[in-house]
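1. How does the following fold in three dimensions:
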Amino acid sequence: MAGPLNEVFKAIADPTRREILRLLRHEELSAGEVAAHFDMSKPTMSHHFAVLKGAGLITSRREGQTIWYSLDTTVLEDVLAWSMDMARGARKGKR
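-> Numbers count the residues shown, from 1 in each chain. Below is the predicted model:
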């Protein structure tokens, strides 16, 4: 799982991408709705979306000219499980 984990950590290391994830946590939003929260160019926003998609943290669908993004919690659940496993291992090592 090291490869996928590296992509996830790279994606969430950026505060803009963490904010995008926060915006998507309750509902699907269009690219324009997400971009309205940031003072960035379209190519920069597209890059952030691409990194998040590459890490498996968001999904997208096209409806006409509009791209809709939503949070994909599957990878986040895997990271949480990995983190809990690491914490259990660390606690066992301290005994």
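2. so what pLDDT did A2 get?
-> As predicted, A2 sits at a pLDDT of 56.
3. From F38, how far off is the most centrally placed residue in the chain?
-> Centroid-nearest residue in the chain: L57, 3.6 Å away (criterion: C-alpha atoms, centre = their mean). Distance, L57 to F38, by C-beta to C-beta, to the nearest Å: 17 Å. C-beta coordinates here come from the backbone N, C-alpha and C atoms, glycine included.
4. what does V79 give?
-> 24 Å.
5. more neighbours, the two?
-> V79 (18 against 14; other C-beta atoms under 10 Å).
6. In terms of helices and strands, where is that one?
-> In the assignment (DSSP states H and E), V79 maps to helix 73-93.
7. Just the residues contacting that helix, thanks.
-> Applying C-beta atoms under 8 Å, 6 or more residues apart in numbering, the external contacts of helix 73-93 come out as 1, 4-5, 8, 55-57.
8. and of those residues, the nearest to I67?
-> I67 lies nearest to L57 out of the contacts of helix 73-93, by C-beta to C-beta, at 15.6 Å.
9. Tell me which residues touch the closest one, please.
-> 8, 11-12, 21, 71-72, 75-76.
10. ok, now how distant is it from M45?
-> Between L57 and M45 the distance is 15 Å, computed by C-beta to C-beta.
11. and if you look at I58?
-> Distance from I58 to M45, by C-beta to C-beta: 12 Å.
12. Compare these two (neighbour count), which wins?
-> I58 (24 against 18).
13. So what does that one look like in phi/psi?
-> phi -140, psi 160 (degrees, to the nearest 10).
14. pretty sure it contacts A50?
-> No. Counting by C-beta atoms under 8 Å, I58 sits too far from A50 to count as a contact (10.0 Å).
15. since we're on the nearest residue to L71 once chain neighbours are set aside, how many residues are nearby?
-> Leaving aside its chain neighbours, L71 sits nearest to L24 (4.2 Å; criterion: C-beta to C-beta, 6 or more residues apart in numbering). Around L24 sit 20 other residues, with neighbours defined as other C-beta under 10 Å.
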